[in-house]
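> Provided below are the primary sequence and the corresponding predicted coordinates.
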Amino acid sequence: MATIAFIGLGNMGGPMAANLVKAGHTVKGFDLSADILKSVAASGVTPASSIEEATSSADTVVTMLPKGAHVLSVWSNLASAVKSGTLLIDCSTIDVESARKAHELAADANCLSLDAPVSGGTGGAAAGTLTFMAGGSDGAFDRAKPVLEAMGKKIVHCGGNGAGQAAKICNNMILGVSMIGVCEAFALGEKLGLSHQALFDVASTSSGQCWSINTYCPVPGPVPTSPANNDYKPGFAAALMLKDLKLAQEAALAAGAATPLGAEAAQLFDLFDKQGHGGRDFSAIIEMLRG
Ligand code: NAD
């Protein structure tokens, strides 16, 4: 069993750290929020008062932080705090360039490192059913796998440094674009007098089928578990979708890739967010698309 320092114990990190404890690992946690630190103690995570205290005896460090700047700031501190040979895993969703810089910081400190963003949201974090998309060396992946398995059900090694973040933003760009397409189809169907159930019954079993309609249908009724049946409570908040679409656009610009639909999706979610809907589920964008 590993001795793990977990930095960033928010909506995702808190339940992920709790699952590491359940799997038998020893976990010391640190977060800037004193309230969060207090609350994680109930799940068996030992609260630490600093990054140094959390990492002093750790053989593995997991970070789950908001953005690239937070990860680089924490990993710069880690480099001087941890022992040589420590495994550093970042599970945050961040830009590919920052992820690659974080790997360089780890290499300078003689540490193994992995970028391992997740999909599955807070429900998956609590249930231990996240999907991890990992980037880094074979050695780092092999050592991280048992740790990640305590928090997720599918672990994919996507390639070298930054490949996990690349896979994450490509997947979420597909999701943002496909959700807008599904919402437009339902809005058009409504104007043409088509019932939601009829469109669902056809499209979910025909060539229009995709996760956005079959599992997460943006209108109430056809898929009872989708957020549309719960006043569009997230689920996956529109602000997080916007964050991922912006990361995809930054990466597309840097790589010289043409992503016109990804760019349009980013603009539409930006408008939706500016209208004050960032905290709602991203499928609520159907309301804006109805006009
Ligand atoms: P969150 O804001 O709830 O948690 C982030 C935590 O990091 C906060 O508790 C904050 O206090 C802490 N933090 C910030 N800077 C710190 C520092 N220097 N040292 C220690 N702690 C620090 O965010 P979240 O929803 O848990 O998301 C975390 C990451 O996971 C993000 O990158 C997000 O994009 C990604 N993600 C979130 C979801 C989701 O559904 N919430 C799904 C997939 C991926």
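Cool, got the structure. Numbering: from 1, shown residues only.

> Count the neighbours of P220 for me.
Neighbour count for P220, taken as other Cβ atoms under 10 Å: 15. Every C-beta, even on glycine, is put in place using the N, C-alpha and C of the backbone.

> do you know how far it is from the ligand?
Per Cβ to the nearest ligand atom, to the nearest Å, P220 is found 22 Å from the ligand.

> Run through the residues that contact that residue.
By Cβ atoms under 8 Å, 6 or more residues apart in numbering, the contact set of P220 is H196, S226, A228, N229.

> go with 6 Å
If you count contacts by Cβ atoms under 6 Å, 6 or more residues apart in numbering, P220 has them with A228, N229.

> Same check on L37?
L37 makes contact with D31, P47, according to Cβ under 6 Å, 6+ apart.

> Just the element for it, please.
helix 34-40 (DSSP states H and E).

> just checking, next helix/strand downstream of that helix?
Sequence order places strand 46-47 as the next helix or strand after helix 34-40, per DSSP H and E.

> Give me the pLDDT for T259.
pLDDT recorded at T259 is 98.

> I'd say it and A252 touch.
Yes - under the criterion of Cβ atoms under 6 Å, T259 makes contact with A252 at 4.5 Å.

> Output stretch 115-132 in CSV with nothing but the alpha carbons.
Only the C-alpha atoms of stretch 115-132 are listed here, as CSV (Å, rounded to 0.1, in the frame of the first residue of the first chain):
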residue,chain,number,x,y,z
ASP,A,115,-0.8,13.8,-16.1
ALA,A,116,-4.0,11.9,-15.4
PRO,A,117,-7.2,14.0,-15.9
VAL,A,118,-10.5,12.4,-15.3
SER,A,119,-14.0,12.1,-16.7
GLY,A,120,-17.0,11.1,-14.7
GLY,A,121,-17.7,14.2,-12.6
THR,A,122,-18.4,14.3,-8.9
GLY,A,123,-20.6,11.3,-9.0
GLY,A,124,-17.8,9.2,-10.5
ALA,A,125,-15.4,10.6,-7.9
ALA,A,126,-17.6,9.5,-5.1
ALA,A,127,-18.4,6.1,-6.6
GLY,A,128,-14.8,5.4,-7.5
THR,A,129,-15.8,4.9,-11.2
LEU,A,130,-13.8,7.7,-12.9
THR,A,131,-12.1,7.2,-16.2
PHE,A,132,-8.4,8.3,-16.1
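
> And for the residue in the chain that the ligand sits nearest to, the neighbour number?
Going by Cβ to the nearest ligand atom, the ligand is nearest to G10 of the chain, at 1.9 Å. By other Cβ under 10 Å, the residues close to G10 number 17.

> so it, which of the three states?
Secondary structure, DSSP: H, G, I helix; E, B strand; the rest coil: G10 is coil.

> That one and Q209: what is the separation?
34 Å (Cβ to Cβ, to the nearest Å).

> if we can go back for a sec, can you give me every residue that contacts the residue of the chain closest to the ligand?
No contacts exist for G10 under Cβ under 6 Å, 6+ apart.

> Tell me how far it lies from A258.
For G10, the distance to A258 equals 35 Å [Cβ to Cβ].

> Tell me the pLDDT of the residue lying farthest from the centre of the chain.
In the chain, the greatest distance from the average C-alpha position (Cα atoms, centre = their mean) is reached by G193, at 37.5 Å. On the pLDDT scale, G193 is placed at 98.

> quick one: it from R290, how far?
15 Å.

> who are the neighbours in contact with I213?
With Cβ under 6 Å, 6+ apart, I213 has these contacts: V182, A203, S204.

> Can you get me a residue count around the last one?
Think S204. Neighbours of S204 under the rule other Cβ under 10 Å: 17.

> Pretty sure N214 is one of the things it touches, is it not?
Yes - with contact defined as Cβ under 6 Å, S204 counts as touching N214 (4.9 Å).

> Give me the most central residue, this protein.
The residue lying closest to the centre of the chain (Cα atoms, centre = their mean) is V118, at 4.3 Å.

> Not counting residues beside it along the chain, what's closest to that residue?
Excluding the flanking residues, the one nearest V118 by Cβ to Cβ, 6 or more residues apart in numbering is L130, at 4.3 Å.

> So what does that neighbour have for phi and psi?
Taking degrees, to the nearest 10, you get phi -70, psi 160 for the backbone angles of L130.
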